[in-house]
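1. sharing a model prediction with you, sequence too.
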Amino acid sequence: MPRSSPARGGPPRALLLDHGGVLVRSVKRPERMPAFADHVLALAGGLTGLDRERVLHDIRAGRAAYGDWKNGNARGAAPREVTHRELWAEFIAADWPAPARAAVSAEATGLCRALVLAESDKTHDPAMTEVLRLCKEHGIRTGIVSNTLVGALNREMAAAGGIAPYLGVQVYSDETGHRKPGPQLLLLAAQALNTDPADCWYVGDNYDRDVVCGLRAGVGRTVLMRPEDRLDPTAHPQPDTVVHDGEGLLALLRSATTGPDTADRGEHA
């Protein structure tokens with residue numbers, strides 16, 4: 001069960017949102033990966049001893065190793081993000097012939113971009129667009145704070161989806177070199193919005209990364225967005241509040257913005 005809400009009632013001065021699992025829904029597309037492996041193989045050159053199956057295997061194995069690395073650093077005080085070059089040179093192509101390894105390392109950012117696009121389709125949750133509109137109506141600043149492999153794609157998606165004008169800041173791990181649960185990303189976002197972290201809510205979908213990050217940054221409320229069947233009552237720490245989806249967050253904000261503690265917000269916004 002979630003802990004009780006912070007003593008200070010009413011809405012936040014700023015609402016900071018995770019990207020995947022909160023603002024965006026993803027559908028995996030494994031059927032596209034063989035074509036991506038062909039693209040990588042062509043880039044690596046034909047005289048390297050590699051073939052499609054080897055490349056596809058190493059991409060999958062490298063991604064799994066990167067996932068293990070992220071999980072292994074999930075409780076670190078100040079975890080760093082790997083660079084695009086590291087992902088390809090050290091996680092995916094570590095055992096490839098030197099010319100192939102050098103080729104993918106040189107094109108690592110473009111390959112990371114193509115990899116993300118191949119792996120899944122992403123769409124904005126319509127309820128989260130309503131959340132952003134509600135925040136604008138009530139003078140609540142908003143931003144994205146996310147661990148991500150290619151933040152530039154998220155920025156493009158926000159622009160294409162029409163939500164970029166609602167966002168005062170976007171802070172991504174690959175662009176800063178910092179990862180959650182370290183507090184740096186949240187602190188950078190709060191600073192950019194000229195808002196004290198204690199006056200922010202942070203909404204994420206992960207206990208170890210998001211709830212811990214919010215607590216370390218000193219936000220006013222940590223909100224965990226997870227379906228009921230994925231909640232873990234044994235996790236520590238627990239969030240201040242749990243919502244199950246974007247509709248739940250919208251209802252929470254509507255309640256907060258119509259409560260008795262909203263009357264004095266205007267002079268501070």
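-> Happy to help now that I have it. Numbering: from 1, shown residues only.

2. contacts and neighbour counts: CA atoms only from here.
-> Fine.

3. and the strands in the stretch 101-250 of the chain?
-> Counting by DSSP state E, counting those that start in this stretch, the stretch 101-250 of the chain has strands at residues 120-124, 141-146, 169-172, 200-204, 221-225, 241-243.

4. so which of those comes closest to L186?
-> Smallest distance to L186 across those (C-alpha to C-alpha): 6.4 Å, for strand 141-146.

5. need the strands of the stretch 101-250 of the chain in CSV with mean pLDDT, can you?
-> What follows is the strands of the stretch 101-250 of the chain, written out as CSV (pLDDT from 0 to 100):
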stretch, mean pLDDT
strand 120-124, 97
strand 141-146, 98
strand 169-172, 98
strand 200-204, 98
strand 221-225, 98
strand 241-243, 97
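
6. dump those to CSV, plus mean neighbour count and distance to G72.
-> Output for the strands of the stretch 101-250 of the chain, formatted as CSV (neighbours: other C-alpha atoms under 10 Å; distance: least, C-alpha to C-alpha, whole Å):
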stretch, mean neighbour count, distance to G72
strand 120-124, 16, 24
strand 141-146, 25, 18
strand 169-172, 24, 20
strand 200-204, 27, 19
strand 221-225, 26, 21
strand 241-243, 21, 25
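
7. could you dump those into JSON lines with distance to L187 added?
-> Putting the strands of the stretch 101-250 of the chain into JSON lines (distance: least, C-alpha to C-alpha, whole Å) gives the following:
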{"stretch": "strand 120-124", "distance to L187": "25"}
{"stretch": "strand 141-146", "distance to L187": "10"}
{"stretch": "strand 169-172", "distance to L187": "10"}
{"stretch": "strand 200-204", "distance to L187": "10"}
{"stretch": "strand 221-225", "distance to L187": "14"}
{"stretch": "strand 241-243", "distance to L187": "20"}
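
8. of all the ones you listed, which one is nearest S26?
-> Of these, nearest to S26 by C-alpha to C-alpha is strand 120-124, at 4.5 Å.

9. what's the offset of the closest one from the middle of its chain?
-> Centroid displacement of strand 120-124 relative to its chain, using C-alpha atoms, centre = their mean, to the nearest Å, is 13 Å.

10. list the contacts of L134.
-> R254 (C-alpha atoms under 8 Å, 6 or more residues apart in numbering).

11. measure it to A159 for me?
-> Separation of L134 from A159 (C-alpha to C-alpha, to the nearest Å): 19 Å.

12. R80 bridge partners, please.
-> Taking DSSP bridges, one obtains H178 as the residues bridged to R80.

13. neighbours of it, how many?
-> 18 (other C-alpha atoms under 10 Å).

14. that one reaches G177, doesn't it?
-> Yes. Between R80 and G177 there is a contact at 5.5 Å, judged by C-alpha atoms under 8 Å.
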